[in-house]
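Student: sequence plus predicted model, see below.
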Amino acid sequence: STGSTKYQGRDDRATSEQVLDPRTRLILFKLLSTGFLSKIDGCLSTGKEANVYYALSGSNSTGDVAPLTENEDGEVTIKEYAIKVYKTSILVFKDRDKYVTGEHRWRNGYCKSNPRKMVKVWAEKELRNYKRLWERGVKCPRPVMLKNHVLVMEFLGSSGWPSPRIKDAKLNPKRMREAYVQCMLILRHMFQRANLVHGDFSEYNALWHNNQVYVIDVSQSVESDHPSALDFLRKDISNVNDFFRKYGKLDVMSTRQLFEFVTSTIIENTEESESEALDRLMEEVEDEFVKLEGASDQDRLKATHEADVAEAVFMSQFIPRSLSQVNEAELQRMEKGEREEDYVRAVAMLTGNQEVVDKLGGEGGVSIRVGGKNKEVTFEEDG
Ligand code: ADP
Ligand code: MG
């Protein structure tokens, strides 16, 4: 969650002052006594739902994370971990229902009445999501292991200093722009490669590490076919846009353009194709900006107003439950005469719904507005 994080760096008082429940203490004690860890050394964050601690590996540690120190032979002697300890208090987890309802992975085994079981489920969910992201090459901390509600993962930082959240990273304008693009690529890669929607993405849950954005806090992330997945995605995108507009002073793309960028299957899952698509979007934003520079105050106001309205409409629009429904909805509109057949076919192709494409007959080239007001992206049947 975006929960309040009290401490910027590590706080030594927090470990001793924070009261841990007996179970948690036992788990941490075991990790120390078996030599998995040598030391739990300070608190990285105290949040509403979890605390995160800094720890050093012991003689018996496993988990392939970057070493903090090496000996003369190049052997790893110490590794750094971040340990996320979920809070077992029942109140905090109440509002999480919306993420679990409709999530087929958790149809069984989710027990609302037992808070200890519940946090275990959340911790397991976070581990799985991190694993999937890590395996599919989305930048995130590498998960190491889970014991009940205690998740051990790679520490993102250097020599004990945690990497900042992008909110606190004080990026220069050039880096700001890079971070913005990377956030959008993370959302796209999560969606396209891992079939996940973050669900709580913002400047709080993205760390600036080695000059790159890393995504964290994925316990509430949902499968892309979750009934509210596309609503969550729209919110994630608008969170990022808000931050980079307000604090990054960037001319951001519209939520709609980015939504299409993240979900589009027309854009290939290659670095080249994705950066080309983003460049195109950026160009559109710039074109619009240049156009307005020479315009009268009145026209400028009008354009801003139009953009605000379009944004508000998109944010409040019904988003179908799944991408296949996009086409169903478009088909219905076509039947009502609100949509051109070509447009519906294009949407079907865009979202990879072969069934609808076949139904309408796929002859000829079709064109669709993929974001932006002026630009038409035309694609032919094959290629
Ligand atoms: P919460 O649910 O409390 O928001 P997060 O997973 O977002 O939990 O973690 C809270 C904070 O702890 C983050 O904002 C970040 O500062 C720090 N943190 C979490 N994971 C790591 C990590 N792997 N490496 C370094 N810092 C981390
Ligand atoms: Mg968080």
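Tutor: All right, it came through fine. Ligands and ions are numbered 1, 2, ... in the order given.

Student: so where do the strands sit in this structure?
Tutor: For the chain, the strands defined by DSSP state E occupy 37-46, 50-57, 67-70, 76-86, 143-147, 150-154, 157-158, 161-162, 196-197, 206-209, 212-215, 222-223, 366-368, 377-379.

Student: what does the stretch 51-200 of the chain have sitting close to ligand 1?
Tutor: Residues of the stretch 51-200 of the chain lying close to ligand 1 (C-beta under 6 Å from any ligand atom) are 52, 82, 84, 141, 153-157, 162, 165. Where C-beta positions appear, they are placed from N, C-alpha and C, glycine not excepted.

Student: ok, and the most crowded of those residues?
Tutor: Within these, neighbour counts (other C-beta atoms under 10 Å) peak at Phe155, which reaches 28 neighbours.

Student: for burial, what's the neighbour tally of the residue of the chain found nearest ligand 1?
Tutor: Closest to ligand 1 within the chain is Gly47: 2.6 Å, counting by C-beta to the nearest ligand atom. For Gly47, the count of nearby residues is 19 (other C-beta under 10 Å).

Student: and the pLDDT at it?
Tutor: pLDDT for Gly47: 87.

Student: picking up where we left off before, redo the residues of the stretch 51-200 of the chain next to ligand 1 as CSV? Include distance to ligand 2.
Tutor: Shown next, in CSV, are those (distance: C-beta to the ion, whole Å):
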residue, distance to ligand 2
Val52, 9
Ala82, 12
Lys84, 10
Pro141, 12
Met153, 13
Glu154, 16
Phe155, 16
Leu156, 13
Gly157, 16
Pro162, 13
Arg165, 8
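
Student: got those residues as a markdown table, with pLDDT and distance to Leu360 columns?
Tutor: Listed next are those as a markdown table, based on pLDDT from 0 to 100; distance: C-beta to C-beta, whole Å:
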| residue | pLDDT | distance to Leu360 |
| --- | --- | --- |
| Val52 | 96 | 51 |
| Ala82 | 97 | 51 |
| Lys84 | 97 | 49 |
| Pro141 | 97 | 45 |
| Met153 | 96 | 47 |
| Glu154 | 95 | 48 |
| Phe155 | 96 | 52 |
| Leu156 | 97 | 48 |
| Gly157 | 95 | 53 |
| Pro162 | 96 | 53 |
| Arg165 | 98 | 46 |
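
Student: list just the nearest of these to Tyr247.
Tutor: Of all these, Arg165 has the smallest distance to Tyr247: 11.9 Å, by C-beta to C-beta.

Student: surely that closest one meets His209?
Tutor: No. Using C-beta atoms under 8 Å, Arg165 is not in contact with His209; the gap is 10.2 Å.

Student: excluding chain neighbours, what is closest to Lys125?
Tutor: Ser219 (5.3 Å; C-beta to C-beta, 6 or more residues apart in numbering).

Student: since we're on the one you found, how many residues are nearby?
Tutor: Neighbours of Ser219 (other C-beta under 10 Å): 25.

Student: tell me the contacts of it?
Tutor: Ser219 makes contact with 122-123, 125-126, 129, according to C-beta atoms under 8 Å, 6 or more residues apart in numbering.

Student: nearest to ligand 2 among those residues?
Tutor: Glu126 (10.9 Å; C-beta to the ion).

Student: residues touching that closest one, list them.
Tutor: Taking C-beta under 8 Å, 6+ apart as the definition, contacts of Glu126 comprise 84, 151, 217-219.

Student: rerun that using 7 Å as the cut-off
Tutor: Shown in contact with Glu126 (C-beta atoms under 7 Å, 6 or more residues apart in numbering): 151, 218-219.

Student: kindly reformat the residues you listed as CSV containing pLDDT and distance to Glu178.
Tutor: CSV is the format used below for those (pLDDT from 0 to 100; distance: C-beta to C-beta, whole Å):
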residue, pLDDT, distance to Glu178
Leu151, 97, 29
Val218, 97, 22
Ser219, 94, 27
